[in-house]
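Engineer: Got a predicted structure plus its sequence, pasted below:
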Amino acid sequence: MRTRCLALLRRDPFSAACIAVLLIVLLAGLFAPWLAPNSPVETAVRLKYQPMSWQFPLGTDNLGRCVFSRLLFGIRTTVFYAFGTMLVTVTLGAGLGLLAGMLRGRFEAVLMRVCDVMLAFPAEVVILAVVGLLGPGIENILLAVIGVKWAWYARMVRSTVVQYTHRNYVRYAQVIGAPPSHVLRRHLLPVTAAEIATLASVDVASVILLISALSFLGLGVQPPTPEWGSMLNEAKTVMLVQPMQMLPAGIAIVVVVMACNGLGDFLRDQLDVGRERRQTAGVQSADKKDAHV
């Protein structure tokens, strides 16, 4: 499997570049305290709008802070929070969807009605309403995102589980006495991997944009914590006289979002192929068992 993925990456340079960009960004954020040449929050007004140099690789902002250092530490508040939020969202939504698809009955009915209520409103409107009620702050944004997006995964996974529960290879596993946890882990969860991976990668990109947008509006990460959206907010006031202030954070957002979408396309293609092979093998195996009987 690993060899096949490496071979496919060599034939698909765009996907390889997207994965490389994400790895570099994540490592840069992880090792930001050692890579940053200056403090991301220390101000020195006399050094404001310094040009690029060895001391300040991307210059300084309106308060004399190192733009490059703030860009590195901004990975933690923009990218890391987005990945962490989606990890919690996927775990919660997929877990509830699997249980609903397996248990059925009243639990499934109640869960699906809750999902219907959550999905009846545009996600952005609900998130803005929650942030407006709870107040600005990155914690409130992340809670709002989890509260809104888990329903998508619960409904999607539940539909997939219901669809594949009636397949021959799943029924055979149940007939021979395989425990429900084995059926979920070996037969039902793998067929949902493509949908989960594709939707999660796209949602990571949307959460990055959401965090940056709300921080740009002053509702997200609060100063002086470095964050890409707040960096754009601070740079917009001098956009005409200091246009270079907008470029680092803006380019970083565009590149990371594009890389997340490219990763989603790659995972969808690979997992779809693997799912088709598993389905074919499972159907053939079940047919052989039926013919033998």
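Structural biologist: Nice, thanks for sending it over.
Engineer: and residue 208, what does it touch?
Structural biologist: If a contact means Cβ atoms under 8 Å, 6 or more residues apart in numbering, then residue 208 has 78, 79, 82, 253, 256, 257, 260 as its contacts. C-beta coordinates here come from the backbone N, C-alpha and C atoms, glycine included.
Engineer: Give me the next element, helix or strand, following the helix or strand it falls within.
Structural biologist: Secondary-structure element containing residue 208, defined by DSSP states H and E: helix 189-216. Towards the C-terminus, the helix or strand next in line after helix 189-216, according to DSSP H and E, is helix 228-235.
Engineer: residues in contact with that following helix?
Structural biologist: In contact with helix 228-235 (Cβ under 8 Å, 6+ apart) are residues 61-62, 67, 70-71, 74, 78, 211-218, 220-223, 242, 245-246, 248-250, 252-253.
Engineer: Sort out which of those residues are buried, if you could.
Structural biologist: Those of the contacts of helix 228-235 that meet the buried threshold are 61, 67, 70-71, 74, 78, 211-212, 214-216, 220-221, 245-246, 248-250, 252-253, by 16 or more other Cβ atoms under 10 Å.
Engineer: What are the boundaries of the helices in the stretch 1-150 of the chain?
Structural biologist: Per DSSP state H, counting those that start in this stretch, the stretch 1-150 of the chain has helices spanning 2-11, 13-30, 32-35, 67-75, 81-103, 105-119, 123-134, 138-165. These are given in chain order.
Engineer: Looking at those, which is nearest to residue 43?
Structural biologist: Closest of the helices of the stretch 1-150 of the chain to residue 43 is helix 67-75, at 11.3 Å (criterion: Cβ to Cβ).
Engineer: Give me the contact list for the closest one.
Structural biologist: Where contact means Cβ under 8 Å, 6+ apart, the residues beyond helix 67-75 that reach it are 25-26, 28-29, 32, 35-40, 56-61, 226-228, 231, 245, 248-249, 252.
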